[in-house]
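*Asks:* dropping a prediction and its sequence here:
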Amino acid sequence: MNQPLSLENFAPWSEKFLFYLKAERRAAVRTLETREIELRQFGEFWQSQKHDEVTRALVRSYISSLSQNGMQPATINRKLTGLRVFFKYLVREGVLASNPTANLVLMKKARRLPRFLTPENVEQALQLPDLTTPLGLRDRAILELFYGSGLRRQELVDLDLDGVDFSNGQVRVLGKRSRERVVPLGRAAKQALEQWRRARRELVAEAGEQALFLAANGYRVTANEVYNMVRHYLGQVTDPDKAHPHILRHSFATHLLEAGADLMAVKEMLGHNSLNTTQIYTHVTPQRLKTVYHLAHPRAEHARQPDASSNRKS
């Protein structure tokens, strides 16, 4: 039996938990970074309270403090979920007798519909990189891949050279929990990647570097560098709150569905576990619904008229 959890051993157990997530759960780098921050924040709150041990009351006070500080329900729920997994691990290790987050109800949140760019906005952004420089060619390829294949930021950062199959026009992506999926590579993205691949030789720092996308120093580009780069271009064509990499993923899904793509196919391309996650995009395609209505409803202005020949008596 391990020593009970206390403020003194909270940090060491946090480190062991993060190692467990990395080694056994194969958590993504961004997930590990997020969990580390969340645990540190909870530890700081615990230290500020008059509690010798972790209790349900302490966790409830922590959640309440986050809400009082104006944090959104979705963010609070994510932090609570992270703590729940941490304490479940400690119960398994014999550090806690029970999970203090057990049966704590997640906060209700308004379902926010994903925002997206118009095709015109995307096209404007794609024309901005300077294609006379290696970094400009890289930026264009990154933008094309985000929009053309719906990748997450970390998935793009983690791509290696052998992840792109130019012959078959597809990209092999390692998603959340190290789940692999294959997504199509459109003509425009393929062309941009081929141009970047040639220019990449001018930047690469070491011959053995396998990263597909490089920073100015010749090594793998970081998630923050990709975020800032995308924000730089999108900020010139849309509102600041839309200027981030994930908006291109939202736009990818939305534009596919508006053009009549199958929902299950979009789910697979996005790498979603549940169809419910993908279905949020069906609520942001009013143009598609309007088109279906005008084509199908008998009282719509542009409804398809029945074939006169079908009304003839044989």
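*Replies:* Perfect, I can see it now.
*Asks:* Val164: what's it in contact with?
*Replies:* Val164 sits next to 171-172, 185, 193, 212 when contact means C-beta atoms under 8 Å, 6 or more residues apart in numbering. Using the backbone N, CA and C atoms, a C-beta is placed for each residue, glycine as well.
*Asks:* actually Tyr233, not the one I wrote
*Replies:* 125, 128-129, 139, 143.
*Asks:* and Gly163, by the same measure?
*Replies:* Residues in contact with Gly163 (C-beta under 8 Å, 6+ apart) are 171-173, 212.
*Asks:* let's see 7 Å
*Replies:* Contacts for Gly163 were tallied using C-beta atoms under 7 Å, 6 or more residues apart in numbering; they are 171-172, 212.
*Asks:* can you put these in JSON lines and add pLDDT, neighbour count and secondary structure?
*Replies:* Shown next, in JSON lines, are the contacts of Gly163 (pLDDT from 0 to 100; neighbours: other C-beta atoms under 10 Å; DSSP: H, G, I helix; E, B strand; the rest coil):
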{"residue": "Val171", "pLDDT": "96", "neighbour count": "24", "secondary structure": "strand"}
{"residue": "Arg172", "pLDDT": "95", "neighbour count": "14", "secondary structure": "strand"}
{"residue": "Leu212", "pLDDT": "98", "neighbour count": "25", "secondary structure": "coil"}
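*Asks:* what is the nearest of those to Thr282?
*Replies:* Of all the contacts of Gly163, Val171 has the smallest distance to Thr282: 24.9 Å, by C-beta to C-beta.
*Asks:* that closest one contacts Glu180, correct?
*Replies:* No. The criterion here is C-beta atoms under 7 Å, and Val171 misses it with Glu180 at 10.9 Å.
*Asks:* what subset of the contacts of Tyr233 is buried?
*Replies:* 125, 129, 139, 143 (16 or more other C-beta atoms under 10 Å).
*Asks:* setting aside sequence neighbours, what's the nearest residue to the residue nearest to the spatial centre of the chain?
*Replies:* The centroid of the chain falls nearest to Arg152 when counting by C-alpha atoms, centre = their mean (4.5 Å). The shortest distance from Arg152 to any non-neighbouring residue, by C-beta to C-beta, 6 or more residues apart in numbering, is to Arg249 (6.6 Å).
*Asks:* next, count neighbours for the one you found.
*Replies:* By the criterion of other C-beta atoms under 10 Å, Arg249 has 22 neighbours.
*Asks:* got the buried residues for the helix or strand where it lies?
*Replies:* Element membership for Arg249 (DSSP states H and E) is helix 245-258. For helix 245-258, a neighbour-count test (16+ other C-beta under 10 Å) marks 245, 247-258 as buried.
*Asks:* could you report the pLDDT at Gly150?
*Replies:* pLDDT recorded at Gly150 is 95.
*Asks:* please enumerate the strands of the stretch 151-300 of the chain.
*Replies:* 164-165, 170-174, 180-184 (DSSP state E, counting those that start in this stretch).
*Asks:* for the last one, name the packing helices and strands.
*Replies:* Read that as strand 180-184. If contacts are counted by 3 or more C-beta pairs under 7 Å, 6 or more residues apart in numbering; DSSP states H and E, strand 180-184 sits against strand 170-174.
*Asks:* give me the angle between the strand it packs on and strand 180-184.
*Replies:* For strand 170-174 against strand 180-184, the angle by axes from the mean of the first three to the mean of the last three C-alpha atoms, to 10 degrees is 150 degrees.
*Asks:* ok, now which ones touch His272?
*Replies:* Here His272 is in contact with Thr278 (C-beta under 7 Å, 6+ apart).
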